[in-house]
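S.K.: Have a look at this prediction, sequence included:
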Amino acid sequence: MRRLFLILLMLAVSPAIVTAQQDVSGYVKEAETGKALPGVMVQVVGTSINVNTDGRGYYMLPGIKPGKYLIDYIYTGYKTVEVEVEITDGEQLPEVTMQQTISDDGSQNFSEISVSLDELESESKGQAVSGLLQSQLDAFSSAAAFTFGAGRFMIRGYESDYSLLYMNGVPVNDPESGFGGWSSWGGLNDVTRNRESRNGLTPADWSFGGLGGASYLNVRASQQRIGTRLSYASSNRTYNNRLMFTHSTGTMENGVAFTVSGSRRWAEEGYVDGTNYDAWAYFIGIEKKFNNKHSVAFTTYNAPIKRAMQGVSTDEANLLVGSNFYNPNWGYQNGEKRNARVRFQQEPTFILNHYWDALSNLKITTTAAYSFGTYQTTGLNWYDTQDPRPDYYRKLPSYWTDSDLSIIEAIANSYRNDASIRQINWDYMYQVNYNSRDLNDSLRSKYIVENRITDSRQFTFSCVTNWNPIPELKVNGGIELSLYKGKNYKRMDDLLGGQYWLDIDQFVERDFFGNDSLAQNDLDNPNRKVRVGDVFGYSYNANVYNGGVWGVANYSLNRFDLYAGANYTYTEFWRTGNMKNGRFPYDSKGDSPKQGFHNYGIKAGGTWKITGRHYLDANLAYLTRAPFFRNSYISPRTSNFVIPGLTSEKIAAFDINYNLRTPYVKARVSAYYTMFMDQTELKSFYDDTYRTFINYTMRGIEKVHKGVEIGAEVKLTTTLTLNTAAAFGAYQYTSRPLATITQDNLGTVLQMDQVVYIKNFYVPNTPQTAAMMGLRYASPKYWFLGAEVSYYDHSYIDFAPGKRTTEALQGLEPGDPRRDALTHQIKVPSAFLIDANIGKSWRLKEYFINLNLQVTNLLNNTDFKTGGFEQARYSIAEQTSNKFPPKYFYSFGRTYYLILGLRF
Amino acid sequence: MKRFSYIISATFLGAILFAAPGCIDFTYDNIEPMADSTALVANTTIAELKAMYPGVLYQLDENTFYQRDSIIIEGVVTSDDKEGNFYKSIFIQDSTGAIELKLNKTTLYNDYKRGQKLVVYCNGLYLGDYGGQIQLGSIYSNNGNWEISGLEGDPIIEQHVFKRGNQIVEVTPLTMTPTQLALSNIGRLVKFENVQISDTISPITGEIYTYADNVNKVTVNHKLVSCNQTFNSDIVLRTSGYARFAGNTIPTKNGSLVGILTYYKGTYQVLMRDTNDIDFSNNRCQQ
């Protein structure tokens, strides 16, 4: 069995060369071709020692003490190799060869996000990819990334802004909102395969890390896999076709390495009706090694994506249409499906890196980057006319409950059979505009398509130092600086047959008719007639400056590895209004007062090597975090006012992990406890009580996230592997936040410090229980077959805080069913999914071909609710929200992803 | 072999750039203006239709008229909800009379402009009344009591209300005399000449009245008087608190007033469509 294990590891021994240094080094090569493998992550298990192989496949492990170790060699697309070594002195380790997995980069393609539901009430909640980058770590992380994604699983219930993302050293979390900029390199899978990730609080060499860990995409040209790769993928998910090309030269004799990659993804119509998709991507990386000490790399990439969005609707509408993927966003225009919500985004990025091996024990990496991006989403707007949304509550049969039954049935039937009722009626909107003659006989558009845009520019600088003053001590530290400016505005996209749109606020006009200046969006250009391409409505810049320093020291003892670190960040942001708003003539235009925040974090922890196969580690941290610009202003579109009591968020976290590493079982069991304090939340919605749009801010939110994670990979035979993972968590609110309600129109404070009774509510939109088990057969004849089943439970939908207040429940006695209906938090049913995949690879001389098919949701369960949200609106008179039922997100039914790759 | 690799790569790149559809279409041709029309032809006058109202809620069907399976009326729109003085209803008239058509939809002026010719297929609809004024519409259950109400949104309106072309018809208001002020003219566009509002100043505030209470959104009636004619019933200028001109002060002089003639329990009411309907520029007369 022992021999079998060694064969499995694909170990090949080469003559050892004794070096004078204390350091341990070695080479990694590809099994099939014998070529050097650059960019492989070499991790000494149970220590903080962690390096990447260079262009020659060479790596060096500094400061390793004599003893028995397990070393992991990790490289996406290759089987992870685990080597057990006994180190007595500085030495060269046997050469390691790694074998390509048959699925190649299959799984990372599959997990491209299918849920595009960052819509409606919560504008862009980022993408649920926090787990995706940590997939290589262990069975649990892999499950969180690839399997649980279908159920909107968030590791430990953390939102994506708690995980920090780095692209070649550049922090890429959006400074305005904190979300990871995942889609800015969509379609560049080939070059972003070299990843290094940290779970939770575990320290990294290149960042202080966030609460949810940190991930580093290493796109250095010298560490890209040498050769050419072509692939075609077919799918019925968000896109139907993908072509991708990548070529890397590796470090050539002149010291230059060059990588180029490009891709195209497209769909005439994705899984959901009316969702066309058009995405391009390019990547160019050049690296020049000047000598043994200096390397400079330049990287530029961009991934423009244009796609029509999926909308979510109520169960009533879904039931009528007969599909949980009913998309109310589109309608026929001249026989073609036209979607009103089209998103376009791109962010051309330029990165310059300097890698400096200053001394044998000192490495300095300096990075400067510049990017300018745009993020645009179109949407309908209308003035003094019918709501054009086909699933507007007054259009659904449930609104007409007091009507004759035959009428209700007739409305339901027209919903079922008439696309002009079920979908957006573009014809109607054009005709209304054509009939909308003003006194000058011009056509004033009643319906328009507007484009809500954020144009960003960001300059980033960072410097990271890795220093080993003595073998036992490793000190990592750095500085990070980011200057960000995001211009947020609306641009006229389509007047739908009309000639102009009047730039006034219609809600103000309705409520304060006769006061002309109050309704103006831009007092400097009153009653402006807006044409296609004009900026209107609102325009402001979000300015966010961040600067920080961090340091982490790691100290190794024989059986213990200890670390402690701290960071400090200064954040300053302010708003610059580009329009003088009629409601806030003195608080809208020009620079707002600056908001400054000093933040710090400390963390410490250690690993106890019980034996070479049992490790116990624990981490403890206290962090503070500045609020994000996007959550700080009551109504950033119109005015400078920040929410009351704006303050930094505080987080205390602790986790403890047990790792088991035997030849047959790799397992981890973790327990964690995290407390969040002083969080704030901002929501904007139409309120029936005040008959206007209101801003609802909550402060003093406290939460506790606690739970257990278990993951194991068990080799049943040489060909059969069992994977299992489970997360049992409880993420709950532990305070009664205070809400302040302001009228969006006027800034009038409608309610101050209203108590919101949500103590013990669950953090919404992630399963708090998730489990999976999978079996995988890998034939020695280069094919594999796998299947897995996953289970999700304790997922709750986002709640409307306004319904959990004394005001909302006034007059409802305890025991009144309406009281419970308004206050209880809605849980979605538990669900399970089955996925399967199969693949084969062939080798023809130096050509490698691989073919993989993954089928997700094999049983085509289209009723799997992965989350949702309550509509904030409810009827104050009837004290119910029956007319505004919750909207749910559904996981796609059975989908496939077929990929054919050629590599040489 | 090397050459083969280049060929594959070049072909593939070519495929990305050229063979794949150049662009997924995100552009659309404008929809052209068009005029709705209908093949339905009126077979019933509005006066005939109103005559069938038995005084209680009544559903129109193929047995309403002798040997007339379909009941189709045609009229011209005279009301206008743009300024907010009409709510979820339009008034149409033909040469024989006028009727209020209740539609459960707001901003109706976007669909039905003044002067628009409409054809209404009445089978299945109901006749009802409010304070003696006959209405055409649908029904709803008000806590178990069926009452006349508006047609329930586009799916139902589409089955009953049709525009005939987009030619706008100029409607001349019917000038009111004591004899013309009759039940048969309820719903018509009418004109009162040489009238004035009897009480123009609030005894409480000492200020000139506004058309309505736009603060509390309350409808207000102002009594209209004529010095040279004697009408047998009370006539009021009625304005909704939601009308955009509700907060304007009323004109205190004397002149002509155009509006839709409505009726509530013995009182005739005039509803202006906008402030162009009133022209009080002469000196007040002695009441």
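M.R.: Nice, I can see it. Numbers count the residues shown, from 1 in each chain, chains lettered A, B, ... in the order given.

S.K.: What are the neighbouring residues in contact with the nearest residue to A:P780 once chain neighbours are set aside?
M.R.: Spatially, and ignoring its direct neighbours in sequence, A:P780 is nearest to A:T719 (7.0 Å; Cβ to Cβ, 6 or more residues apart in numbering or on different chains). Quick note: C-beta positions are derived from backbone N, CA and C, even for glycine. Shown in contact with A:T719 (Cβ atoms under 8 Å, 6 or more residues apart in numbering or on different chains): A:777-780.

S.K.: Now for those residues: which two are most distant?
M.R.: Pairwise distances across the contacts of A:T719 (Cβ to Cβ) peak at 10.8 Å, for the pair A:Y777 and A:P780.

S.K.: which of the two has more neighbours?
M.R.: Under the criterion of other Cβ atoms under 10 Å in any protein chain shown, the comparison of A:Y777 against A:P780 puts A:Y777 first, with 15 against 7.

S.K.: Now do the same contact list for the more buried one.
M.R.: Contact analysis of A:Y777 by Cβ under 8 Å, 6+ apart lists A:719-720, A:784-786.

S.K.: And the pLDDT at A:A12?
M.R.: Looking at A:A12, its pLDDT is 33.

S.K.: Give me every residue in the stretch 701-850 of chain A lying close to chain B.
M.R.: By Cβ under 8 Å from any Cβ of the partner chain, the part of the stretch 701-850 of chain A that sits against chain B consists of A:845-846.

S.K.: What segments of the stretch 751-900 of chain A are strands?
M.R.: Assigned by DSSP state E, counting those that start in this stretch, the stretch 751-900 of chain A shows strands spanning A:769-779, A:783-793, A:795-796, A:827-828, A:831-844, A:847-856, A:865-869, A:887-890, A:895-903.

S.K.: Would you convert those strands into CSV that also reports mean pLDDT?
M.R.: Below are the strands of the stretch 751-900 of chain A laid out as CSV (pLDDT from 0 to 100):
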stretch, mean pLDDT
strand A:769-779, 94
strand A:783-793, 94
strand A:795-796, 95
strand A:827-828, 95
strand A:831-844, 91
strand A:847-856, 90
strand A:865-869, 89
strand A:887-890, 91
strand A:895-903, 91
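
S.K.: What is the three-state secondary structure of the residue in the stretch 151-287 of chain B that chain A sits nearest to?
M.R.: Residue nearest to chain A within the stretch 151-287 of chain B: B:P155 (3.7 Å; Cβ to the nearest Cβ). Three-state call for B:P155 (DSSP: H, G, I helix; E, B strand; the rest coil): helix.

S.K.: Next up, phi/psi of the nearest residue to A:Y332 once chain neighbours are set aside, please.
M.R.: Once flanking residues are discounted, A:Y332 sits nearest to A:A419: 5.9 Å by Cβ to Cβ, 6+ apart. Here is the backbone geometry of A:A419 (degrees, to the nearest 10): phi -60, psi -20.

S.K.: so A:A419 sits right up against A:Q333, yeah?
M.R.: No: using Cβ atoms under 8 Å as the test, A:A419 is too far from A:Q333 to be in contact (11.4 Å).

S.K.: Tell me which of those two has more neighbours.
M.R.: The neighbour count for A:A419 versus A:Q333, taken as other Cβ under 10 Å, is higher for A:Q333 (19 against 13).
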